[in-house]
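Engineer: Requesting a structural model of the entry that follows:
(one chain, ligands or ions: 1)
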Amino acid sequence: MLINLKILLGISGGIAAYKSAELIRLFKKNGADVRVVMTHNATQFITPLTIQALSGNSIHIELFDAGADNGMDHINLARWADVFIIAPASANIIAKMNHGLADDLLSTLYLAATCPIFIAPAMNQAMWSKAVTQTNLSSLQKQGVLTIGPDQGSQACGETGFGRMTEPTAICQHIIEHYSQDNDKANKPLHNLKIMISAGPTREALDPIRYITNRSSGKMGYAIAEAAIKAGADVTLITGPVSLSAPSHCACIAVESAAEMHEAVLSRAHDHHIYIAAAAVADYSPAQVNACKIKKQADNINLALIKTKDILADLTQLQKHPFTVGFAAETNDLANYALDKLKNKNLDMIAANLVGTAVGGFDSDVNALHVFWNNGDIVLPMSDKNIIAAQLIDLITTRYKSSLQH
Ligand code: PMT
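Structural biologist: Predicted structure coming up:
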């Protein structure tokens, strides 16, 4: 399935480097020709000899190699490659790529490469969440670098969270799908459209160990992301903390609080055609975050809360903003509240769901939606969230395309 594809694999320094051995085996099994560049740090985690034996080609490490043809490995390899994949991509290489640093063979190759470039980030969850890492990553994505993962789960350091390198089978599958999709991509309804989707809950910190949150599992938003990807869109998923694996073929940005989600969405708004707000964003956040654990003393304590910034309302205030689809989660009076939000937040569409019921809504595999837009509405009856998501994406596609004609 990857027959004759020339894959240049970059391995940077991180414990996930051991997974690159399996990745090479899978690429080769699928017919690719694989050449490998390692950083010096990567050689601390897996030996060049292992990688050489698996790839069947000599390994490139040094920027200045008198043995290389014309002494310029970075140019030769960049010209040779059909695709450049960096897996694992450490926080360090991501930062260097974003700042155009070229102080070793791998970072120099990034500057020299003109083929499609994928990165599979892998790092400790705190390093992944750090604002500077997210800024570097989103800047690279804007420059056209494609990301695969990372996944969420337990890490080699003993912590849990986003930052695990996506498994080699999933990376290989991603590349296979990318190259087979290239052929029929142009026929898909959302081809060439960039869609941003928010999903999951937010967490509003009270002190270093406690937070206020809600029951959102992220299932609805993730199902919408999958449906949009299947329909051919380039998807950016802005996700609160959930325990779901990020869909492949999308840029996944992890955030925690309503303020972080606000920043993540607003800073990317200009770059997307459609925004779908499926996240359950906190309406209120503690006025003050205690630096230390709040101690159990008084019988009653009062918690002062302040309103969070409304992401949707702020986004639709922008002079140039995407076609915007909100959600309304209500326990009663669904249609009235939804229509109020459609109007007050200046939305193009709103998908309303009843929550707090025995089935559907929060943390359930099924849902039902009543979707409203100016002068129209439709009920999508209770079914699996994947089915509801596909129906919603069909509907949004139709409404978005008709909005372009007016
Ligand atoms: O995640 P699941 O378990 O699958 O559950 C799915 C869901 C019930 C969370 C989802 O279908 C849903 O309804 N999401 C929106 C939940 C919500 O916050 O609704 P709301 O009526 O409080 O907010 C209205 C809209 O404003 C939402 O699109 C919300 O994302 C947005 N909002 C809210 C607050 C805020 N500060 N900024 C916002 O943009």
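
Engineer: Who are the packing partners of the lengthiest helix in the chain?
Structural biologist: In terms of residue count, the longest helix belonging to the chain (DSSP state H) is helix 385-404. Helices and strands touching helix 385-404, as assessed by 3 or more C-beta pairs under 8 Å, 6 or more residues apart in numbering; DSSP states H and E, comprise helix 219-230, strand 274-277, strand 323-330, strand 349-354, strand 366-373, strand 376-384. (Glycine included, C-beta is placed from N, CA and C.)

Engineer: Can you pull the poorly scored residue ranges out of the stretch 151-300 of the chain?
Structural biologist: Scanning the stretch 151-300 of the chain with the threshold set as pLDDT under 70 gives 181-185.

Engineer: ok, which residues in it are in contact with the ligand?
Structural biologist: When proximity is defined as C-beta under 6 Å from any ligand atom, the stretch 151-300 of the chain approaches the ligand at 198, 200, 216-221, 258, 277-281, 283.

Engineer: Now do the longest helix of the chain: everything it contacts.
Structural biologist: 189-190, 193, 219-220, 223-224, 226-228, 230-231, 273-274, 276, 323, 325, 348-349, 351, 364-369, 371, 373, 378, 380 (C-beta atoms under 8 Å, 6 or more residues apart in numbering).

Engineer: Show me what counts as buried in that helix.
Structural biologist: For helix 385-404, a neighbour-count test (16 or more other C-beta atoms under 10 Å) marks 385-393, 395-397, 399-400 as buried.

Engineer: Pipe these into TSV and attach distance to the ligand per row.
Structural biologist: As requested, those are exported to TSV (distance: C-beta to the nearest ligand atom, whole Å):
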residue	distance to the ligand
385	6
386	11
387	14
388	9
389	10
390	15
391	14
392	10
393	14
395	15
396	13
397	19
399	16
400	17
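
Engineer: could those residues go into TSV alongside pLDDT?
Structural biologist: TSV is the format used below for these (pLDDT from 0 to 100):
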residue	pLDDT
385	96
386	94
387	93
388	95
389	96
390	95
391	95
392	97
393	97
395	96
396	98
397	97
399	97
400	97
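
Engineer: Pipe the residues you listed into CSV and attach distance to residue 332 per row.
Structural biologist: Output for those, formatted as CSV (distance: C-beta to C-beta, whole Å):
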residue, distance to residue 332
385, 22
386, 27
387, 26
388, 21
389, 25
390, 28
391, 24
392, 23
393, 28
395, 25
396, 26
397, 31
399, 27
400, 30
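
Engineer: sorry, back to before: would you mind telling me which of the helices and strands packed on helix 385-404 is nearest residue 340?
Structural biologist: Closest to residue 340 of the helices and strands packed on helix 385-404, according to C-beta to C-beta: strand 323-330, at 8.6 Å.
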